[in-house]
Every structure is written in structure tokens, then in C-alpha cells.
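Novice: What follows is a predicted structure for the sequence shown.
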Protein chains: 2
Amino acid sequence: MPVLGKTKQEVLTEFRTAEILEAARRVFAERGFHEATVDDIAEAAGVAKGTVYLYYHSKRDIYWAALKHGIAALLEELEKEMAGSKTMAGKIHAFIATKMRYFEQHRDFFKIYYSEFGNAFAHPTQVHEEFKDLYNRQARLLDPVLQEGIRQKAFRNIRRGATAAVIADVTRGAITQRLLGWSKGDVENEIEFIFDMVWKGIGTR
Amino acid sequence: MPVLGKTKQEVLTEFRTAEILEAARRVFAERGFHEATVDDIAEAAGVAKGTVYLYYHSKRDIYWAALKHGIAALLEELEKEMAGSKTMAGKIHAFIATKMRYFEQHRDFFKIYYSEFGNAFAHPTQVHEEFKDLYNRQARLLDPVLQEGIRQKAFRNIRRGATAAVIADVTRGAITQRLLGWSKGDVENEIEFIFDMVWKGIGTR
DNA sequence: TGGTACACTGACTATACAGTCAGTGGGCTG
DNA sequence: CAGCCCACTGACTGTATAGTCAGTGTACCA
């Protein structure tokens, strides 16, 4: 008997699903996929192991859900922030800044996200095709900007794909350095540094 | 009874150690650390599992040995090639080119190397301190070059460490793209592209 | 050629953990 | 307030595999 669009059961399912996902994110980030146990996740979520399996089909499933959820949220923020800038420089700056701030605030998620690249080598499965797709959507956010830049002769007309990859990689590298504690200092400074280097690197002059 | 500096036992030990290491590199690259079994490695090396444990203390040990061996070889090539160039541009170019060519030729090793970054998050152990050290030695190869560039006012006087990291990251990113099959084309072209972008990115003008 | 040393083997043990399912009890309904 | 429903539990099962060690056979030496 649905009231206000949701049955009690739906509300409960949503709550448990989110609760377990959140716990899983913490546990996977701390231990990595293989070292984390489903019992760990259950304990972190404050439920018994059996309950976890009422809401997720398998351990892999939980991991994948955590990954997908985080990527989707990042993509959304990237889209929003980039749309907020009208200039090319502004859009590229927004891309770098948003990504760095997002991961600065979701360090747990970054660890999961990052280690998935390692897995993408070891297990080229169907799941990783989907991962690749989500990843590529990020690169595609940059594409229209680069295209416009090339049209205006502000950037060199070469290798849009590779250029987008470079921007993403430099950003990811900077985040990695920070999260490993190999680089300290203010995020905002780092953002300016990265943007500056990228901007000069891709420009015609 | 040592003859020619080596006893028969020493020769055998060396042979087996190398044989197992080589097999391990292939197996770890294909399956990743956790999915690979010691039986797999033994089979790939053409020996029984017990034999593997005559030469290595544990599975982690084998993995670490494979990683260390590859990094050391890369470092050696980087040093040699960079020393072969006298100019700043030449040295930076040599760094990028050598690294890309090395990984292009040792794809198996790159997969192990790369996934260790993921692990460095999950298990901040003593082993990873050692890994960090080996990694940093690469960055330190660039340091004198950047220092010289700054002295000559060819580069901006900021953040040598971060700049070195960016160079390493862009290179690593390009290799990742290639090995995942997300970017094709000639390696030499890619090297020029990366170098060009880096060179402009760090320059004063 | 008989005997010994030792590199090698692979069946075995111990452990860890993903996934299951019979049982429980709290809350809702009639 | 009786009784049922079902979300939840956690002990249990099956399996995978790291690491061990008693036994084997070959190469070498006397």
C-alpha cells in the first residue's frame, strides 16, 4: 500500500542499501578489495553478514556499487561546475578544481576508484568495460572545450583525446601525491599550479 | 669448492631464482597479486610448489622481488640514457622516452608496478616505504635538471618536486592509456607529444 | 658400483572467508 | 491480544590456497 510514493519496505531497502554502501566504502578504502571481508563491512554497517546479502548479491557487487555511485556523483559535479563557466580557461579550470576538491573531500572513494585501474589490467571483464565507459565520460566533458579552443586557434590541432587524457592524468597524479602524503600544502594552490601548467602545455604559444 | 668464483650450488640457486621470478612476473601481471596462486607460479616456472619455497620465503616476497627487480632495471636505464644527453631538453626527453619504451617492452612489469600504487593506499606497510623510496629515486633524477633550468631562468622557480611529479605522471598516464588499449599509434609519436606538452608547460615562456 | 647428500616433489594441514539457510523475535494486523 | 509475517541473524558449509615436510630419485664421489 504505497503512501507518498513509497512503501515502508522501499524506504527500508533504500536506507539499508545506503547504510551498507557507506560502510563498504570505508572498509574497501582502508583495506582494498581482497583484504576487506564481508564480515568487516557488515560490522561497520552494524548489521549481520546475512543482512548484507539481502541487499547485495555478492562482494563484487557491493564494490562495484560503491564505485559507480562515487563516479556518478563526481560526473554530476563536474558537469555542473563546468557549465557554470563560460570561457574555455574557466571550464578547464573548473574541471581540475572540481576533481581535486571532490577527491580531497572523498578520500575513501578515491582509493577505491584508483585501485580499480590496477584491476582493469588484471581482469578485463565486462564490469571493466562499464568502468571504462564511466571514465571516458569524464574525458568527453573536456572534448567540446578542446574542440572550441582548436577552432579559435588557442590550442594546437592535435590529439584531442590524448590532450584530455593528459589533463585527467595530471589531476589524478596530483591527487595521488596528496593522498599518499607525498605532497602537502593548500589544495587551492595546487589547483592553480596544475591549471597553469596544463594551460601553457596545450596552448599554441 | 668454488671454481671460477661460483660453486655449482650458487649457479643453481641463481638459475632457479631467476626462473621463478620470471614466471612470477608473467603470472602476477596476468592475474594480479591476489588472484595469482603460488601453484600457478610454480607451474609457469616448471617446478613444484615446494621448490618455490626453497627460493622465496613467501608469496609477498616473490611479488616484492619482481617489483624491485623491474624498478632497479628501469632506474638503471633512466640514469644511463639521461647521462647520454647534455642539454636540459635532452635529459627530460630521455626520461620520458626511456620510461615509455621500457614499459612498452615490459608490459607485464608495468602491470605489477602500477597496481602497487593501489596497494600503497590499502596497506601502508614497511614494504611500501621501500617502494616509495624506489619511486622517489626516479623523481630525483629530474631534480638536478629542473634546478639547472630554474637557474638559467628557462623554467619558473616553483615547486620542483611537484613539477617532477607531473612529468612522471603524464608519462605514466600515457603508458596506462596505451596498455589498456585506450590509445593506439606509434610510441615515438606519443613520446614527442608528451615531451612537447611538458616542455611548454614548465617553461617560462 | 654402492652409498650418500640434497634438490626436488606433491600430498597434506591449517586457516580464512564467501555465501547459505534454518531459526528468531519484534511489530503489525485483524 | 493472538498470531503471523518477514527482516534479520549468525552458526555452518564448502572451497580455495598459503605454506609444510616426509619421502624420492638422481648425480656425484669413493
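Specialist: Nice, thanks for sending it over. Numbers count the residues shown, from 1 in each chain, chains lettered A, B, ... in the order given.
Novice: Which parts of stretch A:45-65 count as buried, going by neighbours?
Specialist: Buried residues in stretch A:45-65, counted by 16 or more other C-beta atoms under 10 Å in any protein chain shown: A:45, A:47, A:52, A:55-56, A:59, A:62-65. Using the backbone N, CA and C atoms, a C-beta is placed for each residue, glycine as well.
Novice: That should have said stretch A:186-201, apologies.
Specialist: Within stretch A:186-201, the residues scored as buried using 16+ other C-beta under 10 Å are A:187, A:190-191, A:193-195, A:197-201.
Novice: One more: stretch A:144-156?
Specialist: By neighbour count, with 16+ other C-beta under 10 Å as the criterion, the buried positions of stretch A:144-156 are A:145-146, A:149-150, A:154-156.
Novice: Show residues contacting it.
Specialist: Under the contact criterion C-beta atoms under 8 Å, 6 or more residues apart in numbering or on different chains, stretch A:144-156 has outside partners A:82, A:88, A:91-92, A:157, A:160, A:163-164, A:202-204.
Novice: what's near enough to touch the residue nearest the centre of chain A?
Specialist: Residue closest to the mean C-alpha point of chain A, counted by C-alpha atoms, centre = their mean, is A:Ile71 at 3.9 Å. With contacts defined as C-beta under 8 Å, 6+ apart, A:Ile71 is in contact with A:113, A:134-135.
Novice: quick one: low-confidence ranges for chain A?
Specialist: Residues of chain A meeting the criterion pLDDT under 70: A:1-6, A:120-126, A:157-158, A:205.
Novice: Show me what from it comes close to DNA strand C.
Specialist: Remark: the part of chain A in contact with DNA strand C comprises A:35-39, A:49-50, A:53, A:58-60, using C-beta under 7 Å from any atom of the strand.
Novice: 6 Å instead?
Specialist: Contact residues (C-beta under 6 Å from any atom of the strand) of chain A with DNA strand C: A:37-39, A:49-50, A:53, A:58-59.
Novice: just those that are near DNA strand D?
Specialist: Among the residues of chain A next to DNA strand C, the ones lying near DNA strand D by C-beta under 6 Å from any atom of the strand are A:49-50.
Novice: Among the buried residues of stretch A:45-65, which pair sits farthest apart?
Specialist: Using C-beta to C-beta, the two most remote members of the buried residues of stretch A:45-65 are A:Val47 and A:Trp64, lying 19.7 Å apart.
Novice: Quick one, which of the contacts of stretch A:144-156 are buried?
Specialist: A residue is treated as buried here by neighbour count (16+ other C-beta under 10 Å); on that basis the buried members of the contacts of stretch A:144-156 are A:82, A:88, A:91-92, A:160, A:163-164, A:202.
Novice: any chance of those in JSON lines, plus distance to chain B?
Specialist: Formatted as JSON lines, the buried ones among the contacts of stretch A:144-156 follow (distance: C-beta to the nearest C-beta, whole Å):
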{"residue": "A:Met82", "distance to chain B": "21"}
{"residue": "A:Met88", "distance to chain B": "17"}
{"residue": "A:Lys91", "distance to chain B": "18"}
{"residue": "A:Ile92", "distance to chain B": "13"}
{"residue": "A:Arg160", "distance to chain B": "12"}
{"residue": "A:Thr163", "distance to chain B": "8"}
{"residue": "A:Ala164", "distance to chain B": "10"}
{"residue": "A:Ile202", "distance to chain B": "7"}
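Novice: In JSON lines: these, plus secondary structure.
Specialist: Putting those into JSON lines (DSSP: H, G, I helix; E, B strand; the rest coil) gives the following:
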{"residue": "A:Met82", "secondary structure": "helix"}
{"residue": "A:Met88", "secondary structure": "helix"}
{"residue": "A:Lys91", "secondary structure": "helix"}
{"residue": "A:Ile92", "secondary structure": "helix"}
{"residue": "A:Arg160", "secondary structure": "helix"}
{"residue": "A:Thr163", "secondary structure": "helix"}
{"residue": "A:Ala164", "secondary structure": "helix"}
{"residue": "A:Ile202", "secondary structure": "helix"}
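Novice: quick check, nearest of these to B:Glu77?
Specialist: The shortest separation between B:Glu77 and any of those is 27.9 Å, and it belongs to A:Thr163 (by C-beta to C-beta).
Novice: quick one, what contacts A:Gly203?
Specialist: Contacts were defined as C-beta under 8 Å, 6+ apart; by that measure A:Gly203 touches A:154-156, B:200.
Novice: Would you format the buried residues of stretch A:45-65 as CSV with secondary structure and distance to A:Thr7 included?
Specialist: As requested, the buried residues of stretch A:45-65 are exported to CSV (DSSP: H, G, I helix; E, B strand; the rest coil; distance: C-beta to C-beta, whole Å):
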residue, secondary structure, distance to A:Thr7
A:Ala45, helix, 22
A:Val47, coil, 21
A:Val52, helix, 22
A:Tyr55, helix, 16
A:Tyr56, coil, 20
A:Lys59, helix, 28
A:Ile62, helix, 24
A:Tyr63, helix, 28
A:Trp64, helix, 27
A:Ala65, helix, 22
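Novice: Kindly indicate which of these lies nearest B:Leu75.
Specialist: Relative to B:Leu75, and with distances defined as C-beta to C-beta, the nearest of those is A:Tyr63, at 34.3 Å.
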